[in-house]
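J.: need a 3D model of the sequence below.
(chains A, B, C and D)
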4 protein chains.
Amino acid sequence: MIRVLVWNEFNHEQKKEAIRKIYPNGIHNVIADFLRCDDIEVRTATLFDKNLEISDPTCGITKEILDQTDVLIWWGHMGHQYVPDEVAYLVRDAVLSGMGLICLHSAHHSKPFRYLLGTSCNLTWRESGDSERLWVIEPSHPITRGIDRSFKLDAEETYGEPFVIPTPDRLLLIGNYSSGEVFRSGCLYCRGNGKIFYFQPGHETFPTYYVPEVQTIIRNAVRFLAPTYREMTPCPNVRKVDDPKGYVI
Amino acid sequence: MIRVLVWNEFNHEQKKEAIRKIYPNGIHNVIADFLRCDDIEVRTATLFDKNLEISDPTCGITKEILDQTDVLIWWGHMGHQYVPDEVAYLVRDAVLSGMGLICLHSAHHSKPFRYLLGTSCNLTWRESGDSERLWVIEPSHPITRGIDRSFKLDAEETYGEPFVIPTPDRLLLIGNYSSGEVFRSGCLYCRGNGKIFYFQPGHETFPTYYVPEVQTIIRNAVRFLAPTYREMTPCPNVRKVDDPKGYVI
Amino acid sequence: MIRVLVWNEFNHEQKKEAIRKIYPNGIHNVIADFLRCDDIEVRTATLFDKNLEISDPTCGITKEILDQTDVLIWWGHMGHQYVPDEVAYLVRDAVLSGMGLICLHSAHHSKPFRYLLGTSCNLTWRESGDSERLWVIEPSHPITRGIDRSFKLDAEETYGEPFVIPTPDRLLLIGNYSSGEVFRSGCLYCRGNGKIFYFQPGHETFPTYYVPEVQTIIRNAVRFLAPTYREMTPCPNVRKVDDPKGYVI
Amino acid sequence: MIRVLVWNEFNHEQKKEAIRKIYPNGIHNVIADFLRCDDIEVRTATLFDKNLEISDPTCGITKEILDQTDVLIWWGHMGHQYVPDEVAYLVRDAVLSGMGLICLHSAHHSKPFRYLLGTSCNLTWRESGDSERLWVIEPSHPITRGIDRSFKLDAEETYGEPFVIPTPDRLLLIGNYSSGEVFRSGCLYCRGNGKIFYFQPGHETFPTYYVPEVQTIIRNAVRFLAPTYREMTPCPNVRKVDDPKGYVI
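T.: Here you go, the predicted structure:
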């Protein structure tokens, strides 16, 4: 059983009527609902509570919770700065010890993503009602399994290059927009003992997370990122060359 | 002084009136002309001679000529199979010893490119009169220096993903087309002691090599790929650990 | 069930008494024996038959056989040139369509490995009775699972850098020798829809393939390289942007 | 003229007699002295002043100073935690905008290195009086130019794998130690518009920075990392596809 935690800022969906209509229980619950199945169990956590306050300073992220999480999914946008550094460090360390991390859409600027990649993760952007077509670059990769050579989203926020990230270990998807921009929309990284997948679609004003291909890719990614090894690699003073300390699995 | 050899199939330009109007002396001479400058000297070679015959079985490529070449530029399309394997191997070995290789447009299927990368280099394609916009992914790279965040070609053959290549060492440019395809249009590789740059624009029916940005990118690539080290790394039986044989520069 | 084909030159074991004592039925049968288990079935093929002749010009490799093979293991040394190019191309195309390929020891110079990687795959070497210690670089990778931070081989042929290969997608193991050389001993590549793993240990004069850690790594690699997707990506003329031709899985 | 800033903790050299004998004016001044030449000018900065106090809370690193620095060289060991986060962020942002960063020896755990790479940068270590031999993996790279296939340091602190770093863009050197450990000793990264080079030799108790090959590699790295482009890539709201804002060079 793969244990997923879906983390969501849960801000726009409560504040704006038009967005609430798309995601009445929040983006996190839509993602949780399509993920739940025989081999995936899902919990959720949010930054803002139902009074639109940050009542839990841990944001629902503790070391104990992360220890019980195989894959963490992160959606954030305007509230990145309200996530304490300590929480972001917990997420970073969990990834380095093996946990999978899927960062969606504007989570490109979230603390966990930036701290793990080290760059600014800047990009160019525009809200213009563009449609987007996503192209599969690696058709044999488990994350793109079941997707045709491309699929279309009727509306998405336009993200454009340069996207200031380290060269991905594997570039799985490139998106392009009706007004002509392109973007590295599916980027896979190994960091420490864990894996990170950045997936661009999912602006809050569009029903992107109801699109079957988007759901398939996120579900595939959950299965691909779920760790079979979970341990923080230490920094030991080894006494001699065949000192096995710390690395026997 | 950087010594460039521009190799061209020189087939379409002689056979078809419409193409001859664009490149009356062949694509190779247009490229040679815009490259020649204080620090770059250029020679050319072609597969077909002016009688549209293959009069020189070496295709103008000998070991002696490659030894005097810093960067080889290759344009080929319908005549890949007429290039003898022996010639392709000479090019491959020259790259492994340090020579730069720039493969343009349909040279994705040329023997030197395929033999050096090892994959099929297949892609999807369509001649539909699309316009193309090329996007800079790495603005600080010497090859994209002087280019805005994007530039437009009024017409190009459409190339699409999946492009079956090894993950590029650096992906410098992504192109997208007015009908919605995307393509990894600028791909940089290190192989042995040499560098390879694949650059997608340049279908023979359009005046692509007259476009200033295309010329700038090819000129930048020539300077970036020109080797300062040129030696085939051997496979020696070294007698002891500090045997310096073969690797002193 | 993973279907493995172990291919061996089967030359040294028949010609030299000392080597025959170590591998009386050939290296291929030792590898086949330790691999066979509930989820792995194994066939073998050799270059030389039991009369030390090449009686089968296909070397036991046909398209039909490769179509029924999930992972091909290749051991070759002095007979690389007797493998016809056509056979090497069949292997290359099978890998590009998804088949796994494990190249052992001196198969660094085999045709399938060189044709798929494109470089000379040269290295430095010495037969000096060195012992070797292999170090795990990526402890969480499925191929190194179950291995301590290092393990020792009492004797191996010394391989040294520079090893003229493309930068591996992942470097999993580094070996070092008692006389002081180092070598990138476990190198993983994605090429097309397939994966390639180069693993350096296995000189014919030493009982390397009886070492438990070596067996574990090869078995892990078989499981990691076994494809779930198998299809040659074509080079189609697609009629329009949403033409799904050829890429539906 | 390349402008180098050598930053040193300057702790051990002042505290311990044996180390002071090796580096009487500090490690930074030895590095500065061998770097200064016709095309390289060098300044220095330290964490501890000559009273062994941290009198300057900026550690000698301000935005103005970094704006005037092409390549920053960093040596730190026991005082990483005294470098304020704000200073580390300034260094990170300078690298992302194009500045080169060379991290030496125990700077693998320095804040600028860890924040830019995102991983723990843990390793294994031992002070055992090992000698070390460093092997050139990429003989044609500008940073290894002029170095034989290997060179030896009579004594170094032993660093071992696993070294928890992202896969280097290029692995240039591997070190091995007389007791049998190996280490990725020369690792090159591109991050944003800048480059980072990690180089392992340089424990304070040994005269490593007087070794000609070590000096050659650091000097080569300074020239290779010196930027020709210097600009922080922003995160702009671009109004339309051909809005050139922010990316004209």
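J.: ok, the most centrally placed residue in chain A - contacts?
T.: Residue closest to the mean C-alpha point of chain A, counted by Cα atoms, centre = their mean, is A:Cys103 at 1.8 Å. By Cβ atoms under 8 Å, 6 or more residues apart in numbering or on different chains, A:Cys103 lies in contact with A:74, A:110, A:112-113, A:196-199. Using the backbone N, CA and C atoms, a C-beta is placed for each residue, glycine as well.
J.: determine which two of those residues are furthest apart.
T.: Pairwise distances across the contacts of A:Cys103 (Cβ to Cβ) peak at 14.5 Å, for the pair A:Pro112 and A:Phe199.
J.: helix, strand or coil for A:Ser185?
T.: When classified by DSSP: H, G, I helix; E, B strand; the rest coil, A:Ser185 comes out as strand.
J.: tell me the spacing between it and chain D.
T.: Per Cβ to the nearest Cβ, to the nearest Å, A:Ser185 is found 17 Å from chain D.
J.: what packs against the one helix or strand A:Phe113 maps to?
T.: Taking DSSP states H and E as the definition, one finds A:Phe113 inside helix A:111-117. Under the contact criterion of 3 or more Cβ pairs under 8 Å, 6 or more residues apart in numbering or on different chains; DSSP states H and E, helix A:111-117 touches helix A:85-97, strand A:100-104, strand A:182-191, strand A:194-199.
J.: picking that back up, so for the residue nearest to the centre of chain A, what's the nearest residue that isn't a sequence neighbour?
T.: A:Phe113 (4.6 Å; Cβ to Cβ, 6 or more residues apart in numbering or on different chains).
J.: again with A:Pro227
T.: Counting by Cβ to Cβ, 6+ apart, the residue nearest A:Pro227 is A:Gly98, at 3.8 Å.
J.: doesn't A:Tyr229 make contact with that neighbour?
T.: Yes. The pair A:Gly98 / A:Tyr229 is scored as a contact, 5.4 Å apart, by Cβ atoms under 8 Å.
J.: comparing the two, which residue is more hemmed in?
T.: Applying other Cβ atoms under 10 Å in any protein chain shown to A:Gly98 and A:Tyr229 shows that A:Gly98 carries more neighbours, namely 21 against 15.
J.: and the pLDDT at the more buried one?
T.: If you check A:Gly98, the pLDDT there is 98.
J.: quick one: residues contacting it.
T.: Applying Cβ under 8 Å, 6+ apart to A:Gly98 gives the contacts A:192-194, A:227, A:229-231, C:140.
J.: may I see the PyMOL selection of the buried members of those?
T.: Of the contacts of A:Gly98, the buried ones go into a single PyMOL selection, burial set by 16 or more other Cβ atoms under 10 Å in any protein chain shown:
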select buried, (chain A and resi 192+193+194+227+231) or (chain C and resi 140)
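J.: for A:Ile22, state which of the contacts of A:Gly98 is nearest.
T.: For the contacts of A:Gly98, the closest approach to A:Ile22 (Cβ to Cβ) belongs to A:Gly194, at 31.3 Å.
J.: for the closest residue to the closest one other than its chain neighbours, which residues are in contact?
T.: With Cβ to Cβ, 6+ apart as the criterion, A:Gly194 has its nearest non-adjacent residue at 3.9 Å, and that residue is A:Val95. Taking Cβ under 8 Å, 6+ apart, we find A:Val95 in contact with A:101, A:112, A:116, A:191-192, A:194-196.
J.: show me which of the residues you listed are buried.
T.: For the contacts of A:Val95, buried by 16+ other Cβ under 10 Å: A:101, A:112, A:116, A:191-192, A:194-196.
J.: residue numbers of chain A in contact with chain D?
T.: A:92-93, A:96, A:109, A:115-120, A:122-126, A:160, A:162, A:164, A:166-167, A:169, A:179-181, A:189-192, A:232-241, A:247 (Cβ under 8 Å from any Cβ of the partner chain).
J.: buried subset of those residues?
T.: For the residues of chain A next to chain D, a neighbour count by 16+ other Cβ under 10 Å gives the buried set as A:92-93, A:96, A:109, A:115-120, A:122-126, A:160, A:162, A:164, A:166-167, A:169, A:180-181, A:189-192, A:232-233, A:235-236, A:238, A:241, A:247.
J.: quick one: contacts for A:Cys187?
T.: A:165, A:168, A:170-172, A:197-198.
J.: near chain C, which residues of chain A are found?
T.: Going by Cβ under 8 Å from any Cβ, the residues of chain A near chain C are A:98, A:133, A:136, A:138-140, A:142, A:145-150, A:152, A:169-170, A:190, A:192-194, A:227-229, A:231, A:233, A:241-242, A:244, A:246-249.
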